[in-house]
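A.B. asks: turn this into a structure:
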Amino acid sequence: MINLATLNKLTYGLYIVTSLDQGRCNGFAADAVFQVSANPPTIGACIKKDNLTHDFVAKTKVFAVSILAETAPAELIRHWGLKSGHQEDKCVNTEYKTGITGCHLITKDSLGAIECQVINAFDAGSHTIFLGEVVSAEMFSEREPLTYTQYRKNIKPDIKQSESKRDIMKKYRCVVCDYIYDPSLGDPDSGIAPGTPFEQIPDTWVCPICQVDKSNFEPVD
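C.D. replies: Numbering: from 1, shown residues only. Sure, this is the predicted structure:
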C-alpha cells in the first residue's frame, strides 16, 4: 500500500526559482530545492518539464533560488506559483536585483538568494532534477524561513479562497452591444454597487446600453 498523504510529512522550504533566456526572466514557486553537496556547494532543484523555467534552465544552464521568509504574503506566492510564464511576464512589478548569472533575485520577503551553474541533470519522470554548483550566495534578512508546512496551513487556504473569489468576480459581456459588466465597478446608475458579482445582480437588471436582460450576457475569459 502507498499512502500518498505520508509524503506531506516530508519537510521542505518554499522558494522562488528563477532563470532567464535572451534577457527574459521567468520563475516559479518551488518546494523541491535542497543542498546535495558541501564541497563544492551544490544545490538541487526539481522542475516540472512543462514549466517555462525548465526550458530556460535547460538552455542557459543557470538558475537562482530566492529563499522566502515566513512573513511572505499569500499574494507573492500566488503570483509566482499560479500564473504561467507562457501567458505573461511574471517578473514585471516585482522587487528584485540582478545577480551575476543575470537571474532575478527576489529581494522583498526573501531571506537571501543562491545562484547556480548547472553541472548535471537527471530525468525524474514528470520533472527534471537540475544540480547546480553555487556561484554566488547572499543574505537579505535575518528573519526565519517559510516552511512548506506553514504554507499549507496558513497561506494555501488564503490563496484558494482568493482564487475562488476571482472566479466569482468574472466580467460578463453583452452579446448584443458588447457592453462589459465589470464587478469591480458595478453599475451604480442602476443601483448595483461596486464589488457585486454578476451572479448576484437582480434578474430585473438590464444592460445599461441596449436594455436587454441578463440572459444575453456571457462570461469573459
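A.B. asks: tell me which helix or strand of the chain sits lowest on mean pLDDT?
C.D. replies: With mean pLDDT, DSSP states H and E as the measure, the helix or strand of the chain carrying the lowest mean pLDDT is helix 156-168 (a mean of 59).
A.B. asks: next secondary structure after that one?
C.D. replies: strand 172-174 (DSSP states H and E).
A.B. asks: the residue nearest to residue 83 when sequence neighbours are not counted: how many residues sit nearby?
C.D. replies: Taking CB to CB, 6 or more residues apart in numbering, and ignoring the residues beside it in sequence, residue 83 has residue 90 as its nearest neighbour in space, at 5.4 Å. Bear in mind the C-beta positions are built from the backbone N, C-alpha and C, glycine included. Close neighbours of residue 90, defined as other CB atoms under 10 Å, add up to 22.
A.B. asks: in stretch 131-142, what's buried?
C.D. replies: The neighbour-count check on stretch 131-142 (16 or more other CB atoms under 10 Å) flags 131, 132, 134, 135, 137, 140 as buried.
A.B. asks: contacts for stretch 172-191, please.
C.D. replies: Here stretch 172-191 makes contact (CB atoms under 8 Å, 6 or more residues apart in numbering) with 169-171, 192-198, 201, 205-210, 212, 216-220.
A.B. asks: need the longest strand for this structure.
C.D. replies: strand 110-124 (DSSP state E).
A.B. asks: run the chain-centre distance for that strand.
C.D. replies: Taking the mean C-alpha point of strand 110-124 and that of its whole chain, the gap between them comes to 19 Å (CA atoms, centre = their mean, to the nearest Å).
A.B. asks: ditto for stretch 3-15
C.D. replies: Worked out by CA atoms, centre = their mean, stretch 3-15 lies 19 Å from the chain centre.
A.B. asks: per-residue confidence averaged over that stretch?
C.D. replies: Here stretch 3-15 scores 80 as its mean pLDDT.
A.B. asks: just the CA coordinates of it, formatted as CSV?
C.D. replies: Coordinates of each C-alpha in stretch 3-15 appear next as CSV, following Å, rounded to 0.1, in the frame of the first residue of the first chain:
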residue,chain,number,x,y,z
ASN,A,3,-0.4,6.2,1.3
LEU,A,4,0.5,9.4,-0.6
ALA,A,5,-0.5,11.5,2.4
THR,A,6,2.7,10.3,4.0
LEU,A,7,4.7,12.4,1.6
ASN,A,8,3.2,15.5,3.1
LYS,A,9,5.2,14.8,6.2
LEU,A,10,8.5,15.4,4.4
THR,A,11,9.8,18.8,5.3
TYR,A,12,10.5,21.5,2.7
GLY,A,13,11.0,25.2,2.5
LEU,A,14,9.4,27.5,-0.1
TYR,A,15,11.4,29.3,-2.7
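A.B. asks: can you pull the buried residues of that stretch?
C.D. replies: Of all the residues in stretch 3-15, those buried under the rule 16+ other CB under 10 Å are 12, 13, 14, 15.
A.B. asks: now do the contacts for the second one.
C.D. replies: Looking back up the chat, that one is residue 13. With CB under 8 Å, 6+ apart as the criterion, the residues that contact residue 13 are 31, 33, 67, 68, 145, 146, 147, 148.
A.B. asks: go with 10 Å
C.D. replies: Neighbouring residues of residue 13 by CB atoms under 10 Å, 6 or more residues apart in numbering: 30-34, 65, 67-68, 70, 111, 145-151.
A.B. asks: same question for residue 101.
C.D. replies: Contact criterion CB under 10 Å, 6+ apart gives 18-20, 60-64, 115-117, 132, 135-136 as the residues in contact with residue 101.
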